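[1] Only the shape, not the letters, is given here:
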């Protein structure tokens with residue numbers, strides 16, 4: 001059982017590494033540039049929606065990109081799941097800004113110099 005758990009964990013880690021490798025570094029650069037220019041998290045998310053292909057996995061991609069760009073934890077980025085670019089989500093732009101901006105500012109050392 002221990003061996004099976006270890007193999008599963010290793011396979012999952014490899015899968016996660018592969019998925020993270022799929023992140024477009026040009027898009028990350030655009031997101032970081034927007035933050036350096038003082039854009040709000042909701043404005044950054046709107047831009048990201050325009051850059052990514054639509055589909056059911058787009059929310060996951062939004063969270064993945066925001067985490068990668070700004071060094072956010074899953075907990076810090078999780079409010080994005082309640083936001084929608086068409087304003088149909090539970091969280092509106094102003095609220096997503098309130099929830100995510102402090103984490104982005106706190107992680108400035110991660111993205112400011114890139």
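    That came through, no problem. In this text, all values refer to a predicted model and were calculated from it rather than measured experimentally.

[2] Setting aside sequence neighbours, what's the nearest residue to the spatially most central residue of the chain?
    Centroid-nearest residue in the chain: residue 66, 2.3 Å away (criterion: CA atoms, centre = their mean). Nearest-residue entry for residue 66: residue 77, 5.1 Å, with adjacent residues in sequence omitted and distances by CB to CB, 6 or more residues apart in numbering. In this view, the C-beta of every residue, glycine as well, is placed from N, C-alpha and C.

[3] need the contact list for the one you found.
    63, 66, 67, 100, 103 (CB atoms under 8 Å, 6 or more residues apart in numbering).

[4] hey, which helix or strand in the chain has the poorest pLDDT?
    Lowest mean confidence among the helices and strands of the chain (mean pLDDT, DSSP states H and E): helix 2-21, at a mean of 43.

[5] and the next element down the chain from it?
    As assigned by DSSP states H and E, the chain's next helix or strand after helix 2-21 is helix 25-36.

[6] now the helix or strand just after that next one and helix 25-36, what's the angle there?
    The helix or strand immediately downstream of helix 25-36 is helix 41-51, counting by DSSP H and E. Angle of helix 41-51 versus helix 25-36, following axes from the mean of the first three to the mean of the last three CA atoms, to 10 degrees, is 160 degrees.
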